[in-house]
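Asker: I would like the atomic coordinates for the input below:
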Amino acid sequence: MANVLTNVPKLEPRNGTSNLALHGDTKAVYEQLASTYEIRVVFDPDLTVRNVRLRADDVDFYTAVALLEAETATFWRPLNAKLMLVAPDTREKRRQYAIEAEQTFPLKGAANPNEMTEILRALRDITGATHVQLDSRNGSITIRDTPEKLALAGKLIRDLDQPHGEVMVDIRLLEVDRDKARQLGMTMPSSTQFIPLASSDLSKLKSSTDLANLLTNLAEILSAKGISDTSVIPVGGGRSTLLLTAPGVTLNLSDSSSLIQSAQQVLLRAQDGKPATFFVGTRYPVDLSQLSSNTSRGGGTSTPSGTTFPETSFAVGKNPSALVADTFMGGSLPDLAVVNRDDNSITILQNQDKGHFVQISGSPIALGKNETSPVAIASGIFRNDATKFSTTQPEDLVVVNSGSNNISILLGDVDQDYATHYCRRKSRDSKEGGVVWLQASDRGTGNSIAVPSFSICLLRGME
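Answerer: Prediction:
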């Protein structure tokens, strides 16, 4: 809010209206008008008088003086609360009797000096004011000029100095990891061994009667030399026969490739026209007890150690986005109701104690065609029907659907065996109409959806 103008003379004529019938020269008519509204008037020495006649009914001071200004080609200025000055309406006289005031306007919407400078430039161009000063440190503009120009400047600043709007940006990131490996070729042996044969070894081999006897004799000769592998190649001949070991050769023919895709959704809230940043990566848990040393004194307290909670996963629908805990099935322990965004359904998990839950019969509960992308859920008693329920009234559910821009109400009910049910009121434009009852009894074994990629995790406290 701009500072109020001070030290600016303001005329205070009598309030109310009057019927005027004024005649005479210019000065006489102004004096009659001033007397009617209980003020006084003085004149510029250069004022030219002429005969004037003014008749007006039921007019206030400011309307009457405006008519008289137009009739006599004059203008007026206040000197104090009860005295006004009348002068000829010329450019020189208006500049001579111009009233100047100083006013400071705070800038609340401009976020940086550049935006403040843009507002300052617009004020100079539109109002024509020359005495304009910007205080970027305190975020304000001070103007010294006529009250009319100050009023115009105030309206311009209110229009230009607006806070930045905020936008919500939906960012979806797809991360692809490709890995391809190919190995083609042959791995040759890096070493071999020559084995000399004595004359007795050659005679023993020559005395072999068949192939089986030859292999047996060869194995005995190599075993005596500490060699167990009989894969050898003869080299030379006669008394200079040698054996050359033949190590294995590896032939590699392999080709493998892998493709891993992962998606993330980011909702980024930022000011319009301003840069915004966000971080993408993986969070790694850090045990704080490893970062602190034992600083016990006196009786002493040991450094706290990390706590591990047992984790259990329970299958629900696709892309679970929110859940609420309440005694939906009438037990003493809270059950869970989970909204699944991608398949537009609600999964109800009944508490079995000790951190174990089972999906009840009839779950997941499918929403209607006009109820898409549920993102939030709450429970409570949304109606008062004590005459219908002889026992405790079951909890109702309300679901927020971001895709269809509406909400779904699921009303809790009980059958003759006190098994909980839920009914859903369709959207107004649904063709089925009426009320559809979907059973969610606590007597069944549950129909679990075996989709390992879509589940919720429960971390149970240690006993």
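Asker: pretty sure residue 195 is in a strand, no?
Answerer: Yes: counting by DSSP: H, G, I helix; E, B strand; the rest coil, residue 195 falls inside a strand.
Asker: Output the below-cut-off pLDDT ranges for the stretch 1-150 of the chain.
Answerer: 1-7, 111 (pLDDT under 70).
Asker: can you give me the helices in the stretch 201-350 of the chain?
Answerer: Taking DSSP state H, counting those that start in this stretch as the test, the helices found in the stretch 201-350 of the chain are 211-224.
Asker: did I read that right, residue 114 in a strand?
Answerer: No: counting by three-state DSSP, residue 114 falls outside a strand, being helix.
Asker: Can you tell me how far it is from residue 151?
Answerer: Using C-beta to C-beta, to the nearest Å, residue 114 is found at 27 Å from residue 151. Every residue, glycine included, has its C-beta placed from N, CA and C.
Asker: what does residue 224 give?
Answerer: In terms of C-beta to C-beta, residue 224 sits 121 Å off from residue 151.
Asker: likewise residue 103?
Answerer: Residue 103 is 9 Å from residue 151, by C-beta to C-beta.
Asker: C-terminal to the helix or strand where residue 86 lies, what's the next element?
Answerer: Taking DSSP states H and E as the definition, one finds residue 86 inside strand 83-88. Once strand 83-88 ends, the next helix or strand along the chain (criterion: DSSP H and E) is helix 91-96.
Asker: Flag every buried residue along that following helix.
Answerer: Applying a neighbour-count criterion of 16 or more other C-beta atoms under 10 Å, one finds residue 93 buried in helix 91-96.
Asker: Now do the helix or strand that that helix is followed by: which elements does it pack against?
Answerer: Using DSSP H and E, the helix or strand that follows helix 91-96 in sequence is strand 101-106. Packed against strand 101-106 by the contact rule (3 or more C-beta pairs under 8 Å, 6 or more residues apart in numbering; DSSP states H and E) you find strand 140-145, helix 147-160.
Asker: Starting from the first one, tell me which strands it pairs with and how they run.
Answerer: Next to strand 140-145 in the sheet, as set by DSSP bridges, lie strand 101-106 (antiparallel), strand 131-135 (antiparallel).
Asker: what secondary structure does residue 69 sit in?
Answerer: Under three-state DSSP, residue 69 falls in the helix class.
Asker: related to what we said a few turns ago, which one of residue 103 and residue 151 has more residues nearby?
Answerer: Using other C-beta atoms under 10 Å as the criterion, residue 103 and residue 151 rank with residue 103 on top: 21 against 14.
Asker: Could you report the separation of the more buried one from residue 143?
Answerer: 6 Å.
Asker: picking up where we left off before, can you lay out the strands paired with strand 140-145 as CSV showing distance to residue 70?
Answerer: Shown next, in CSV, are these (distance: least, C-beta to C-beta, whole Å):
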stretch, distance to residue 70
strand 101-106, 26
strand 131-135, 31
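Asker: ranking these by burial, who's on top?
Answerer: strand 101-106 (a mean of 17; mean count of other C-beta atoms under 10 Å).
Asker: Quick one: work out the angle between it and helix 147-160.
Answerer: 10 degrees (axes from the mean of the first three to the mean of the last three C-alpha atoms, to 10 degrees).
Asker: Would you pull up how far strand 101-106 lies from the middle of the chain?
Answerer: The chain centroid and the centroid of strand 101-106 are separated by 39 Å under C-alpha atoms, centre = their mean, to the nearest Å.
Asker: again, but for stretch 22-32
Answerer: 71 Å.
Asker: Could you do stretch 244-256 as well?
Answerer: With C-alpha atoms, centre = their mean, you get 58 Å for stretch 244-256.
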